[in-house]
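Novice: build me a model:
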Amino acid sequence: QVQLVESGGGLVQAGGSLRLSCAASGRTFSSYVMGWFRQAPGKEREFVASFVYSGIDISVYADSVKGRFTISRDNAKNTAYLQMNSLKPEDTAVYYCAADLVGTAVRSTTAWGSWGQGTQVTVSS
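Specialist: The predicted structure is shown next:
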């Protein structure tokens, strides 16, 4: 499995931006499909965005973030990113990076074999 460490969370005002990073170590990063999930207090972990394949930049997004968030990756740096723009208070959550060798059912938490520890994002109104 691959080890994942998120960073870049923090406190931001509504309308602001943040970029989350997910640094990976272990096996070949480029072989992994990467994704992002989030979990707000008292709620289940939910899908945010992911790539569908490891080698092709085809991505999917939750309707709630489409047009505002962008997932990307830099294989040379073993890092995935989540650029978050036009943030809203309802985006407040712990954000988790996920990785798996197979990109099926990416919207489900059960499809992912590796998880980071999470990074807190708080959006004030």
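
Novice: how much space separates Asp74 from Arg19?
Specialist: Distance check for Asp74 against Arg19: by C-beta to C-beta, to the nearest Å, it reads 12 Å. The way it works is simple: take the backbone N, C-alpha and C, and place the C-beta from them, glycine included.

Novice: find residues that contact each of these two.
Specialist: Overlap of the contact sets of Asp74 and Arg19 (by C-beta atoms under 8 Å, 6 or more residues apart in numbering) consists of Tyr81.

Novice: quick one: contacts for the residue most central in space within the chain?
Specialist: Residue closest to the mean C-alpha point of the chain, counted by C-alpha atoms, centre = their mean, is Trp36 at 2.2 Å. By C-beta under 8 Å, 6+ apart, the residues touching Trp36 are Leu20, Cys22, Val48, Ala49, Ser50, Ile71, Ala80, Leu82, Tyr95, Tyr96, Cys97, Ala98.

Novice: OK, contacts around the nearest residue to the last one once chain neighbours are set aside?
Specialist: Distance criterion C-beta to C-beta, 6 or more residues apart in numbering; nearest residue to Ala98, sequence neighbours excluded, is Trp112 at 3.9 Å. Trp112 is in contact with Gly35, Ala98, Ala99, Asp100, Val106, counting by C-beta under 8 Å, 6+ apart.

Novice: what's the closest of these to Val60?
Specialist: The nearest member of the contacts of Trp112 to Val60, counting by C-beta to C-beta, is Val106 at 6.6 Å.

Novice: so how far is Pro89 from the closest one?
Specialist: In terms of C-beta to C-beta, Val106 sits 26 Å off from Pro89.

Novice: how about Gly10?
Specialist: For Gly10, the distance to Pro89 equals 15 Å [C-beta to C-beta].

Novice: and for Ser86, the neighbour number?
Specialist: 13 (other C-beta atoms under 10 Å).

Novice: tell me the pLDDT of the residue lying closest to it once chain neighbours are set aside.
Specialist: Closest residue in space to Ser86, ignoring its immediate chain neighbours: Arg68 at 4.7 Å, by C-beta to C-beta, 6+ apart. We note a pLDDT of 98 for Arg68 in this prediction.
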